[in-house]
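Engineer: structure for the following, please:
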Amino acid sequence: MGSSDQTTGGNLTFTPPPFTLRPIPHLSNYLTSTGNPTTAGDPASIPSLPNPIDRNLFYRPSSTFYINPSDVILSSILFDTQNISGNAPLLAYHRAGPRHVVNFDPSTVRAAIVTCGGLCPGMNTVIRELVVGLRDLYGVKDIFGIPMGYRGFYSAEPVKLDPKAVHDLHKKGGSMLMTTRGGFDLEKIVDSIVRRGYNQIYAIGGDGTMRGAVEMYKEIKRRKLNISITGIPKTVDNDIGIIDKSFGFQTAVEVAQQAIAAAHTEAESAVNGIGLVKLMGRSTGHIALMGTLSSRDVDCCLIPEISFYLDGPGGLYEFIDQTLKKKGHAVIVVAEGAGQDIIPRDAAQVQEKDPSGNPLFSDIGAYLKIDLKRWWDQAHPGELFTVKYIDPTYMIRAVQANATDNLYCTLLAHSSIHGVMAGYTGFVAGPVNGNYAYIPLEDIAITKNIVDVRDHKWAWVRSVTTQPDFKCGTHVETA
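Structural biologist: A predicted model of the protein is given here:
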């Protein structure tokens with residue numbers, strides 16, 4: 001389909017390019033749908049029931065309250081009107097929200113909530129809102145927390161949850177369920193889910209957790225079990241693709257400002273002072289980028305998406321030398337995954353991985369702190385020089401979510417609940433271009449959100465810092 005521009009009263013009308021709708025798995029794809037509630041433990045059929053929200057006095061659903069299954073959200077809202085047919089292929093996702101018909105009888109629901117991986121602001125809020133939403137929106141009473149991550153399904157006793165138990169959880173950082181990495185044993189996990197009678201699984205975690213949830217979905221489907229599973233992506237690094245952002249990211253940038261401000265104060269209070277801040281960001285530099293733009297005190301921002309070198313013309317140290325001569329101090333922000341190629345490591349160290357299967361990184365912050373001193377002693381022997389190194393990683397991970405993230409976590413939790421109650425499975429709920437959508441778990445598990453160093457945000461970073469591009473051997477001088 002090309003453009004069919006017409007002029008009507010001064011307005012131009014365009015036909016958008018075709019799009020491909022990504023289907024969301026549904027229990028009815030492999031189970032028999034019935035019009036009646038199933039008996040407890042019946043794996044062969046699923047009910048079709050009026051949404052219990054119809055009877056909720058607080059909501060009083062209007063004609064536009066329930067989402068039509070035909071409502072979709074486009075993956076892109078930017079088009080070249082001069083070349084409609086030349087735009088990149090479009091994907092579309094089903095819109096998230098409550099449906100007229102649900103495929104779970106609330107009285108038979110046994111929901112399990114699990115948190116995996118590292119901490120992130122908002123984890124407790126998501127737990128709270130899942131519990132409160134299941135109970136208050138749909139009347140679900142049997143809700144359980146799984147301690148210790150995925151391994152908790154087969155090695156720990158579940159925790160019974162209700163609104164009273166989680167009423168002030170959004171005011172606390174961390175995870176009330178405790179969280180671990182690794183421990184993913186598919187057969188043991190699914191066997192335990194069946195044995196305990198769980199029929200709704202809410203998995204909160206990062207890309208490793210999402211990959212595990214994909215395998216659980218496939219195994220549940222293979223066994224033809226009446227169990228729905230959804231993932232709620234958690235990554236403070238904001239590195240999960242498709243969705244607009246991950247919960248906890250805005251809080252992380254806010255807390256990072258405190259570390260950058262402290263580094264700036266230390267640097268400008270010393271003779272030839274360097275404030276060095278290492279921020280979270282294993283494969284992407286979103287926190288470092290947004291922290292730099294928000295602060296305006298940063299002189300150099302180093303992220304995993306760009307390679308850089310230290311010595312020689314156009315290198316980091318030449319730029320720092322010039323900055324110190326001009327200002328008397330400098331602030332460097334580095335993401336934890338940046339510069340791994342410049343740190344000496346043997347082959348065995350390069351291959352090391354953590355329990356989640358992620359590569360183990362060397363500490364770029366600690367390395368730069370030592371190497372900056374080496375460079376200065378060689379370039380300026382006998383002159384005063386100070387490096388103040390700040391690593392706020394655990395401060396950022398452990399704080400409670402700010403107001404924006406708390407609200408976001410509520411919307412994520414409720415969107416997930418609506419999807420599961422409607423019989424969807426193997427999906428993630430999240431905002432796409434500002435509207436909440438249901439996205440296949442398999443898509444989320446393999447899609448990364450990296451910093452595009454060709455777009456205006458990275459150009460803005462370089463204009464603020466005047467740092468070199470580490471390619472052409474020069475940097476831009478400013479007055």
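Engineer: any low-confidence regions in the protein?
Structural biologist: 1-9, 33-44, 84-87, 356, 472-479 (pLDDT under 70).
Engineer: change it to 80
Structural biologist: Scanning the chain for pLDDT under 80 picks out the ranges 1-10, 12-17, 32-45, 60-61, 79-89, 346-351, 353-359, 471-479.
Engineer: three-state assignment of the residue lying closest to Val331 once chain neighbours are set aside?
Structural biologist: Once flanking residues are discounted, Val331 sits nearest to Gly275: 4.4 Å by C-beta to C-beta, 6 or more residues apart in numbering. Where C-beta positions appear, they are placed from N, C-alpha and C, glycine not excepted. Under the three-state scheme (DSSP: H, G, I helix; E, B strand; the rest coil), Gly275 adopts strand.
Engineer: moving C-terminal of the helix or strand hosting Tyr317, what's the next helix or strand?
Structural biologist: Per DSSP states H and E, Tyr317 falls inside helix 316-327. Going down the chain from helix 316-327, the next helix or strand is strand 329-335, by DSSP H and E.
Engineer: so the helix holding Tyr317 versus strand 329-335, what angle?
Structural biologist: Using axes from the mean of the first three to the mean of the last three C-alpha atoms, to 10 degrees, the direction of helix 316-327 lies 140 degrees away from that of strand 329-335.
Engineer: mind giving me the packing neighbours of helix 316-327?
Structural biologist: strand 300-302, strand 329-335, helix 364-379 (3 or more C-beta pairs under 8 Å, 6 or more residues apart in numbering; DSSP states H and E).
Engineer: let's go with 6 Å and repeat that
Structural biologist: Using 3 or more C-beta pairs under 6 Å, 6 or more residues apart in numbering; DSSP states H and E, the elements in contact with helix 316-327 are strand 329-335.
Engineer: so which elements touch the strand it packs on?
Structural biologist: Applying 3+ C-beta pairs under 6 Å, 6+ apart, we find strand 329-335 packed against helix 249-268, strand 273-279, helix 286-295, strand 300-302, helix 316-327.
Engineer: so which bits of it are buried?
Structural biologist: Buried residues in strand 329-335, counted by 16 or more other C-beta atoms under 10 Å: His329, Ala330, Val331, Ile332, Val333, Val334, Ala335.
Engineer: contacting residues for the residue nearest to Val331?
Structural biologist: By C-beta atoms under 6 Å, 6 or more residues apart in numbering, the contact set of Gly275 is Ala263, His264, Glu266, Ala267, Val331, Lys388.
Engineer: filter these to the buried ones?
Structural biologist: Ala263, His264, Glu266, Ala267, Val331, Lys388.
Engineer: list just the nearest of those to Tyr150.
Structural biologist: Among the buried ones among the contacts of Gly275, Ala263 lies closest to Tyr150 (C-beta to C-beta), at 37.1 Å.
Engineer: pretty sure that closest one sits against Ile390.
Structural biologist: Yes. Contact criterion C-beta atoms under 6 Å: Ala263 and Ile390 qualify, at 5.2 Å.
Engineer: ok, the contacts of Gly275 vs Ile127, which is closest?
Structural biologist: Nearest member of these to Ile127, counting by C-beta to C-beta, is Ala263, at 33.5 Å.
Engineer: how many neighbouring residues does Ala270 have?
Structural biologist: For Ala270, the neighbour count with other C-beta atoms under 10 Å is 17.
Engineer: between the two ends of stretch 63-79, how far is it?
Structural biologist: One end of stretch 63-79 sits 32 Å from the other (C-alpha to C-alpha, to the nearest Å).
Engineer: buried stuff in it?
Structural biologist: For stretch 63-79, burial by neighbour count (16+ other C-beta under 10 Å) applies to Tyr66, Ile67, Val72, Ile73, Leu74, Ser75, Phe79.
Engineer: and what of stretch 446-460?
Structural biologist: Neighbour counts over stretch 446-460 (16+ other C-beta under 10 Å) mark Asn449, Val451, Val453, Trp458 as buried.
Engineer: and the direction of the one helix or strand Tyr408 maps to versus that of helix 249-268, what angle?
Structural biologist: Assigned by DSSP H and E, Tyr408 falls within helix 403-421. Inter-element angle recorded for helix 403-421 and helix 249-268: 150 degrees (by the same axes, to 10 degrees).
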